[in-house]
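Asks: Below are the sequence and a predicted model; questions follow.
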Amino acid sequence: MTPIPPDIKRFFCLSIVFSMMCCFELAFGEIATALDNADDGWSTVSLKQAGVKPEPVAALIRAIKLGVYEDIHCILLVKGGQLCLEEYFKGYNIEKTHEIRSATKSIGSVLLGIAIDKGYLSGIKGPIWQYFKDRAANWNDLRRAVTIQDLLTMTSGFECDDHSGEPFQCERDMYKTDDWIEFALNLPMAQTPGVQWAYNSASLILLSEIISQKTGQAVTLFAEKYLIKPLGITDIRWGFSPKGRVWLAGNTSMRPRDMAKFGQMCLNKGLWRNQRIVSEKWLAESTRFHVDTEYGMEYGYLWWRGRQEINDQQIEAFWAQGNGGQVIFICPPLDMVAVFTGGNFNSILEFQFMGMLINYILPSMLPAMPGKKFIPPSKQAIMALSGRYRCHRLHLHILKEKDGLVCRLGGEKTSIFFEDKDRFLIPHPIFGNMNGTIIRDCDEKPVSLLMNSVFSHLRFNKID
């Protein structure tokens, strides 16, 4: 992960101030309003008409405009199938396309599902070598065990993890070659297929080739006929390999309103305006939990997913996510789709969408909760909890400061507020409020922290 920027404290203070300010500004009208109908399949309503409390949303828009959240390009919100929020920043507008980076992967997942629905593929359990027999003739049994399903769940076992070591090194190595398929097929094996999650974008050029082979047409033509045109999308720009294959791992550009259409279709279990795009069965299977990632989030078939406690409720969602803050967030329990675009490439700030969702947007759709009462930690708790904790490659340091405790995460300190001796809250504008529970041994000594943050569940074990 990229280190957390040094000015998070400023963000936190400003977000509290603006949350209070905007409650008063609403007396003069809503700050955040949807744009007019644009004859592109969307109907628009006000936040209040959609059943969304305007105050938290107005506070969020004010915070973005004043720089509390950096380099945000747009936010769209769809509730009950109607567009109720549409805000653009930094020169972006309703007609301008935006690169969606790895959010393309979830589109690739849907395209594969359509190919299965149409009978072009029988399923995803078959090994991939059968589609590349001329190049895989010398593969051993381990490599021949890699299936399409393994590509979808990022468990192929190939030695390519773009979230390990130098970020995106494997992907950058592929860019240096003229034949991406050859590169992906010749990656060394690091694990048994189907076991270990590793973020491997390179192998998705193989998924594109398989779709093209089995449908007998270019992925662009297949997508245009069965996905893009039925959704009423008129401006999509695909990324291509040097040999002209569609790059289903990234580099697609489209309008945020069209990103929202894709999200709404998935929320509606494969339907768009009463037209079946992809089967409900495929969407249910592809967006459910299949494998844990090292960051505590769950992974489906090229979809991220997870749960977050908000206002004492467990909210479940799945989403497409791309580098820089490109997100199509789908929350079935709240009948909601949110779209974000931004310019925070290769930065921890790409996760700002989580803070905006958890601290502002999702609470605006939930019943208000009374303010929580916090208690000061005892001297014994301060001494016992202080120390270093680790979860995979993530490190967390709890320190004594005055009469309380602070959490150092990525080099920055954030206050810890205790609800009781075992439960605590860490407010955060970037990641959203983080809920934690202390796990103790038989002697009542803290041994680990269970953290619910950014729709993930992480266990940080104490290491000193």
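Replies: Looks like it arrived, so ask away.
Asks: What are the boundaries of the strands in the stretch 1-150 of the chain?
Replies: Shown for the stretch 1-150 of the chain, the strands assigned by DSSP state E, counting those that start in this stretch span residues 72-79, 82-88, 98-99.
Asks: Out of those strands, which is the most enclosed?
Replies: strand 72-79 (a mean of 25; mean count of other C-beta atoms under 10 Å). The C-beta positions use only the backbone N, C-alpha and C, and glycine is treated the same way.
Asks: For the residue positioned nearest the centre of the chain, pull up the helix or strand it's in.
Replies: Nearest residue to the geometric centre of the chain (C-alpha atoms, centre = their mean): residue 321, 4.1 Å. Assigned by DSSP states H and E, residue 321 belongs to strand 313-322.
Asks: just to confirm, which helix or strand has residue 420 in it?
Replies: For residue 420, there is no enclosing helix or strand under DSSP H and E.
Asks: Who does the residue lying closest to it once chain neighbours are set aside form a beta bridge with?
Replies: Leaving out its chain neighbours, the residue that sits closest to residue 420 by C-beta to C-beta, 6 or more residues apart in numbering is residue 375, at 6.9 Å. Beta-bridge pairing for residue 375 (DSSP bridges): residue 418.
Asks: For residue 375, grab the count of nearby residues.
Replies: Other residues lying near residue 375 total 11 when counted by other C-beta atoms under 10 Å.
Asks: just checking, it touches residue 424?
Replies: No. Applying C-beta atoms under 8 Å as the test, residue 375 and residue 424 come out as separate, 10.0 Å apart.
Asks: Which neighbours do these two have in common?
Replies: With C-beta atoms under 8 Å, 6 or more residues apart in numbering applied, the overlap between the contact sets of residue 375 and residue 424 consists of residue 418.
Asks: got a markdown table for the strands of the stretch 1-150 of the chain, with mean pLDDT too?
Replies: What follows is the strands of the stretch 1-150 of the chain, written out as a markdown table (pLDDT from 0 to 100):
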| stretch | mean pLDDT |
| --- | --- |
| strand 72-79 | 98 |
| strand 82-88 | 97 |
| strand 98-99 | 98 |
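Asks: ok, back up a step: how far off strand 313-322 does the helix or strand following the strand holding residue 321 point, in degrees?
Replies: Following strand 313-322 in sequence order, the next helix or strand is strand 326-331 (DSSP H and E). For strand 326-331 against strand 313-322, the angle between stretch directions is 150 degrees (axes from the mean of the first three to the mean of the last three C-alpha atoms, to 10 degrees).
Asks: Counting by contacts, list what strand 326-331 packs against.
Replies: With contacts defined as 3 or more C-beta pairs under 8 Å, 6 or more residues apart in numbering; DSSP states H and E, strand 326-331 has these neighbours: helix 256-267, strand 313-322, strand 336-342.
Asks: Just give me how far the second one sits from the chain centre.
Replies: Spelled out, it's strand 313-322. Once both centres are worked out by C-alpha atoms, centre = their mean, to the nearest Å, strand 313-322 turns out to sit 7 Å from its chain's centre.
Asks: Run through the neighbouring helices and strands of that strand.
Replies: Taking 3+ C-beta pairs under 8 Å, 6+ apart as the contact definition, the neighbouring helices and strands of strand 313-322 are helix 104-117, strand 304-310, strand 326-331.
Asks: still on that earlier bit, roughly how far apart are the residue nearest to residue 420 and residue 416?
Replies: 12 Å (C-beta to C-beta, to the nearest Å).
Asks: Repeat that for residue 389.
Replies: In this structure, residue 389 lies at 12 Å from residue 416, with C-beta to C-beta as the measure.
Asks: likewise residue 110?
Replies: On the measure of C-beta to C-beta, residue 110 and residue 416 end up 41 Å apart.
Asks: ok, the two, which is more surrounded?
Replies: Set side by side, residue 110 and residue 416 show more neighbours around residue 110, with 25 against 21, by other C-beta under 10 Å.
Asks: confidence score at that one?
Replies: pLDDT recorded at residue 110 is 98.
Asks: thought it was touching residue 226?
Replies: No. In this structure, residue 110 sits apart from residue 226 without contact. The criterion is C-beta under 8 Å, and the distance is 9.5 Å.
Asks: Dump the strands of the stretch 1-150 of the chain to a markdown table, plus distance to residue 361.
Replies: What follows is those, written out as a markdown table (distance: least, C-beta to C-beta, whole Å):
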| stretch | distance to residue 361 |
| --- | --- |
| strand 72-79 | 7 |
| strand 82-88 | 9 |
| strand 98-99 | 19 |
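Asks: do you know which of those lies nearest residue 432?
Replies: Between residue 432 and those, the tightest spacing by C-beta to C-beta is seen for strand 72-79, at 15.0 Å.
Asks: Compute the number of surrounding residues for residue 176.
Replies: When neighbours are counted by other C-beta under 10 Å, residue 176 registers 7.
Asks: Tell me which stretches of the stretch 1-150 of the chain form helices.
Replies: Taking DSSP state H, counting those that start in this stretch as the test, the helices found in the stretch 1-150 of the chain are 8-25, 54-65, 104-117, 141-144, 148-152.
Asks: what sits up against the shortest one?
Replies: Residues external to helix 141-144 that are found in contact with it (C-beta under 8 Å, 6+ apart): 127, 129, 136, 157, 189, 192, 193.
Asks: If we use 6 Å, what do you get?
Replies: For helix 141-144, contacts defined as C-beta atoms under 6 Å, 6 or more residues apart in numbering pick out 127, 129, 189.
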